[in-house]
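Trainee: need a 3D model of the following:
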Amino acid sequence: MGVDKKKEKPLDLYDYGIEEVKVQPIYNLSEPEVLRAQILEYMKYRGPKELSEGLMEKFVAFKDFKKQADILKEKLDVDKNLTEIKENEVKASNNVVTVNKFGTDINIPNQLEIASGYILDRVKMEKP
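Mentor: All right, here's what the predicted structure looks like:
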């Protein structure tokens, strides 16, 4: 079983290869027209690329604005709820003071006036 082990070359489908590359300048960039033409050629590709990247950044920023607006809305809801809690806390504190005053005040007409004021406030709050 003699297998011939030759050095195998990779398959070259196109049958060509590059042996050597040389660059020889035809135009001198110190000439204004040549330099201008080179800059314009470069900007043909660079300008649209820069413009499209700038637009994409703005679209990404708009995407973040939606998220920030949602967060701000939630924060405002929390602040509104905290304000309502604080208002109820103040009312409860005032009611505690009224009840304590009612229990310690021996002047019955004054106690009845305080109680009627409290009841009137409650009735006003219950009316639609």
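Trainee: how about the helices in the protein?
Mentor: 32-104, 108-126 (DSSP state H).
Trainee: show me what the first one packs onto, helices and strands only.
Mentor: Meaning helix 32-104. helix 108-126 (3 or more C-beta pairs under 8 Å, 6 or more residues apart in numbering; DSSP states H and E). Heads up, the C-betas are built off the backbone N, CA and C, glycines and all.
Trainee: now the helix it packs on - C-alpha only, CSV.
Mentor: C-alpha atoms of helix 108-126 as CSV (Å, rounded to 0.1, in the frame of the first residue of the first chain):
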residue,chain,number,x,y,z
ILE,A,108,-68.2,71.4,77.7
PRO,A,109,-69.4,74.1,75.3
ASN,A,110,-65.9,74.3,73.9
GLN,A,111,-65.7,70.5,73.5
LEU,A,112,-69.1,70.5,71.6
GLU,A,113,-67.9,73.3,69.3
ILE,A,114,-64.7,71.5,68.5
ALA,A,115,-66.7,68.2,67.8
SER,A,116,-69.2,70.0,65.6
GLY,A,117,-66.4,71.6,63.6
TYR,A,118,-64.8,68.2,63.1
ILE,A,119,-68.1,66.6,62.1
LEU,A,120,-68.8,69.5,59.7
ASP,A,121,-65.4,69.0,58.0
ARG,A,122,-66.1,65.3,57.6
VAL,A,123,-69.5,66.0,56.1
LYS,A,124,-68.0,68.5,53.6
MET,A,125,-65.3,65.9,52.6
GLU,A,126,-67.9,63.2,52.0
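Trainee: now it: how far from the chain's centre is it?
Mentor: Put simply, helix 108-126 sits 51 Å off its chain's centre (C-alpha atoms, centre = their mean, to the nearest Å).
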